[in-house]
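J.: Can you look at this prediction? I've put the sequence above it.
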Amino acid sequence: MEKVEDMENVEDVDNVEALLMAISRHRGVTRLNLCGTDLTSVEAGVLAGLLTGVEWLEVDSAKMSTRQIETFLGALGGQTRLKKLSFSKIDLTAVDPALMARAANQLEGVDIESAKVTNMQ
């Protein structure tokens, strides 16, 4: 299993989307660590497709818009390789609780430790 880590300096790359596309084309990548990465420049649908292409995804403290998060979680209802998701230290308060529940039920493991959530979520 290949693991891509240490994406903290990804902001130095001119085009984050191009970098993620290159990673996604490498089918051997099964674990992706985007912790602390600013993903806000990536179109929501493209990001969702890229993030659901790995088995284990860590996006702790990543910067993502509510639209990006909801598009990603919605994509988990379709074809996905994703089995484990770590969403810690992210503000999820604006995300639809029903969408979160459906997405979580599609996965083997979800970590939202230290994530900001509402009582309904």
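T.: Alright, I've got the coordinates. Being a predicted model, the structure only gives us computed values, none of them experimental.
J.: Look at residue 68 and give its secondary structure.
T.: helix (DSSP: H, G, I helix; E, B strand; the rest coil).
J.: can you map out the strands along this protein?
T.: Along the chain, counting by DSSP state E, strands occupy 2-4, 29-33, 56-58, 84-86, 109-111.
J.: So which of the ones you listed is nearest residue 74?
T.: strand 84-86 (13.7 Å; Cβ to Cβ). No exception for glycine: its C-beta is placed from N, CA and C like everyone else's.
J.: Run through who's touching the closest one.
T.: The contact list for strand 84-86, computed with Cβ atoms under 8 Å, 6 or more residues apart in numbering, reads 55-60, 107-111.
J.: What separation do you get for residue 63 and residue 26?
T.: 24 Å (Cβ to Cβ, to the nearest Å).
J.: So between those two, which is more surrounded?
T.: More crowded of residue 63 and residue 26, by other Cβ atoms under 10 Å: residue 63, with 16 against 10.
J.: My guess is that one contacts residue 37. True?
T.: Yes - here residue 63 reaches residue 37: they are 7.2 Å apart, a contact under Cβ atoms under 8 Å.
J.: Look at the closest residue to residue 72 other than its chain neighbours and report its pLDDT.
T.: Leaving aside its sequence neighbours, residue 72 sits nearest to residue 48 (Cβ to Cβ, 6 or more residues apart in numbering; 4.3 Å). In this model, residue 48 is scored at 93, pLDDT.
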